[in-house]
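**Student:** the amino acid sequence is not available; the structure is as follows:
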């Protein structure tokens, strides 16, 4: 039996192998300076006020990747079977504070079994199957959360994780992979309350890729939006807020739908690669069902359903082996809820990413969004680029220069 002891594993995160076992420390640090032409500063009298902003921000809110560190480990059990685990911490490079609501391993925390023949079964806090099936076809996969559809309405910006989850992913069979997830609600006497489940499938062959995914969350104000330590109880709005005389709004596009009984997200995605260029797109539908039937706040007395439909088309190409550029356009439309006329959001994403090495890159990222109609808070819709405080107007432009280091 071979033994390898590397001092300071816990502090320094070296890789250690012991009888076909391994533990690896990994991470990303993403930092940069961002400019926004307008962000809300307050909402006195129900009317938002705003100003331009230049700020130093972590990659979670405004870059290509949220800063993180984590441990990933495995133990070979023989016969193609091994145990695996991941503990992943999110933090902000600004001040070292924890992200994901202050959870120590808020990004991911799971353990499971992986088999070359049977697939992978994991237990814990993890991503739903939209990640496995369609997220990689969308702009957030190469331009970060800023490129997510308004407020990350369809979960493609990877802002959300699922607690108490069991997830299974099949091996790849002829280019096809299928995944499923179920999260236990944990409410005594009400097994279906607060439960989350999702399914996904993807297929790849040559330069072509395609995927489909579905997510269903009961009482989403708690089960989906309220599963981090800084969130409140079922009667508190865990999605966002209407702001106040001294504070801005947050997630105004859908913060008014905290009383939904069910959240449904379904989507299709695909891409085609030729040479150094990849063209990709996604189509998603997000539905807040049976408004007013759950315990979340409903100050406007909404009933019925709120449905967001998002379509995106993007292209990225390697100009040189070190320089990648990308551009994407997306359009999100919400139906009329209780006669409010609905809302529309247009967004343009552009990025240039230069790699000094396989671990270090610098990038320039620019996002433009325009809103129209009325938002979920009953006010004229305002532009809301992912990771930024909403604009006080219907337009918002954000430009960022960043540096990213992987280890």
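**Tutor:** Here it is on my side, so go on. Every value quoted in this text rests on a predicted model; they were computed, and no experiment measured them.
**Student:** number of nearby residues for residue 175?
**Tutor:** When neighbours are defined as other Cβ atoms under 10 Å, residue 175 has 13 of them. All C-beta spots, glycine's among them, are computed from the backbone N, C-alpha and C.
**Student:** report pLDDT for it.
**Tutor:** Note on residue 175: pLDDT of 97.
**Student:** would you confirm that it contacts residue 201?
**Tutor:** No. Residue 175 is beyond contact range of residue 201, at 11.0 Å (criterion: Cβ atoms under 8 Å).
**Student:** in the longest strand seen in the chain, what's buried?
**Tutor:** Across the chain, the strand with the greatest residue count (assigned by DSSP state E) is strand 21-42. Residues 23, 25, 27-32, 34, 36-42 are the ones in strand 21-42 that count as buried (16 or more other Cβ atoms under 10 Å).
**Student:** so residue 256 sits in a helix?
**Tutor:** Yes. Assignment of residue 256 by DSSP: H, G, I helix; E, B strand; the rest coil places it within a helix.
**Student:** dump the residue contacts of it.
**Tutor:** 242, 298, 299, 300, 302, 375, 376, 377, 378 (Cβ atoms under 8 Å, 6 or more residues apart in numbering).
**Student:** farthest pair in those?
**Tutor:** With Cβ to Cβ as the measure, no two of those lie farther apart than 298 and 375, at 15.1 Å.
**Student:** just give the closest residue to residue 50, not the sequence neighbours.
**Tutor:** Nearest in space to residue 50, with sequence neighbours left out and distances taken as Cβ to Cβ, 6 or more residues apart in numbering, is residue 392 at 2.9 Å.
**Student:** before we move on, back to that, residue 298 and residue 375: which is more packed in?
**Tutor:** Remark: of residue 298 and residue 375, residue 375 carries more neighbours, 27 against 18, as counted by other Cβ under 10 Å.
**Student:** contacting residues for the more buried one?
**Tutor:** With contacts defined as Cβ under 8 Å, 6+ apart, the neighbours of residue 375 are 252, 253, 256, 343, 381, 382.
**Student:** mind putting these into TSV with pLDDT and secondary structure?
**Tutor:** Rendered in TSV, the data for these read as follows (pLDDT from 0 to 100; DSSP: H, G, I helix; E, B strand; the rest coil):
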residue	pLDDT	secondary structure
252	96	coil
253	97	coil
256	96	helix
343	98	strand
381	97	coil
382	97	coil
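**Student:** related to what we said a few turns ago, got the angle for the helix or strand just after the longest strand of the chain vs strand 21-42?
**Tutor:** Downstream of strand 21-42, the next assigned helix or strand under DSSP states H and E is strand 49-58. For strand 49-58 and strand 21-42, the angle between their directions (axes from the mean of the first three to the mean of the last three Cα atoms, to 10 degrees) works out to 160 degrees.
**Student:** list the buried ones in strand 49-58?
**Tutor:** When burial is assessed from 16+ other Cβ under 10 Å, strand 49-58 yields the following buried residues: 50, 53, 57, 58.
**Student:** ditto for stretch 70-80
**Tutor:** Residues of stretch 70-80 classed as buried under the neighbour-count rule (16+ other Cβ under 10 Å) are 70, 71, 72, 73, 74.
**Student:** equivalent analysis for stretch 160-180, please.
**Tutor:** Neighbour-count burial for stretch 160-180 [16+ other Cβ under 10 Å]: 160-169, 177-180.
**Student:** equivalent analysis for stretch 181-196, please.
**Tutor:** Within stretch 181-196, the residues that qualify as buried are 181, 183, 185, 193, 194, 195, 196, counting by 16+ other Cβ under 10 Å.
**Student:** same check, this time on stretch 312-332
**Tutor:** With burial defined by 16+ other Cβ under 10 Å, the residues of stretch 312-332 counted as buried are 312, 314, 316, 317, 324, 326, 327, 328, 329, 330, 332.
**Student:** okay, those in CSV with secondary structure, distance to residue 406 and pLDDT next?
**Tutor:** What follows is these, written out as CSV (DSSP: H, G, I helix; E, B strand; the rest coil; distance: Cβ to Cβ, whole Å; pLDDT from 0 to 100):
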residue, secondary structure, distance to residue 406, pLDDT
312, strand, 26, 99
314, strand, 23, 99
316, strand, 19, 98
317, strand, 22, 98
324, strand, 15, 98
326, strand, 19, 99
327, strand, 24, 99
328, strand, 23, 99
329, strand, 29, 98
330, strand, 27, 98
332, strand, 31, 99
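**Student:** now distance to residue 283 too, for those, in a markdown table please.
**Tutor:** Compiled in a markdown table, those are given as follows (distance: Cβ to Cβ, whole Å):
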| residue | distance to residue 283 |
| --- | --- |
| 312 | 8 |
| 314 | 13 |
| 316 | 19 |
| 317 | 23 |
| 324 | 24 |
| 326 | 19 |
| 327 | 18 |
| 328 | 13 |
| 329 | 13 |
| 330 | 10 |
| 332 | 11 |
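**Student:** closest to residue 279 out of the residues you listed?
**Tutor:** Nearest to residue 279, judged by Cβ to Cβ, of the buried residues of stretch 312-332 is residue 314 at 7.5 Å.
**Student:** contacts only, for residue 21.
**Tutor:** 73, 74, 75, 76.
**Student:** now the first one: how far from residue 175?
**Tutor:** With distances taken as Cβ to Cβ, to the nearest Å, residue 73 is found 29 Å from residue 175.
**Student:** please apply the same query to the third one.
**Tutor:** Applying Cβ to Cβ, one obtains 30 Å for the distance of residue 75 from residue 175.
**Student:** now swap in the last one and tell me
**Tutor:** Residue 76 sits at a distance of 27 Å from residue 175 (criterion: Cβ to Cβ).
**Student:** which one is residue 83 nearest to, not counting chain neighbours?
**Tutor:** Counting by Cβ to Cβ, 6+ apart, residue 83 lies nearest to residue 75, which is 4.8 Å off, once chain neighbours are set aside.
**Student:** check residue 397 too.
**Tutor:** Nearest in space to residue 397, with sequence neighbours left out and distances taken as Cβ to Cβ, 6+ apart, is residue 37 at 4.5 Å.
**Student:** give me the secondary structure label for residue 341.
**Tutor:** Three-state assignment for residue 341 (three-state DSSP): coil.
**Student:** next, the contact list for it, please.
**Tutor:** 373, 374.
**Student:** gap between it and residue 375?
**Tutor:** Distance, residue 341 to residue 375, by Cβ to Cβ: 11 Å.
**Student:** contacts for stretch 271-278, please.
**Tutor:** With Cβ under 8 Å, 6+ apart as the criterion, stretch 271-278 contacts 136-137, 207-209, 279-281, 315-319.
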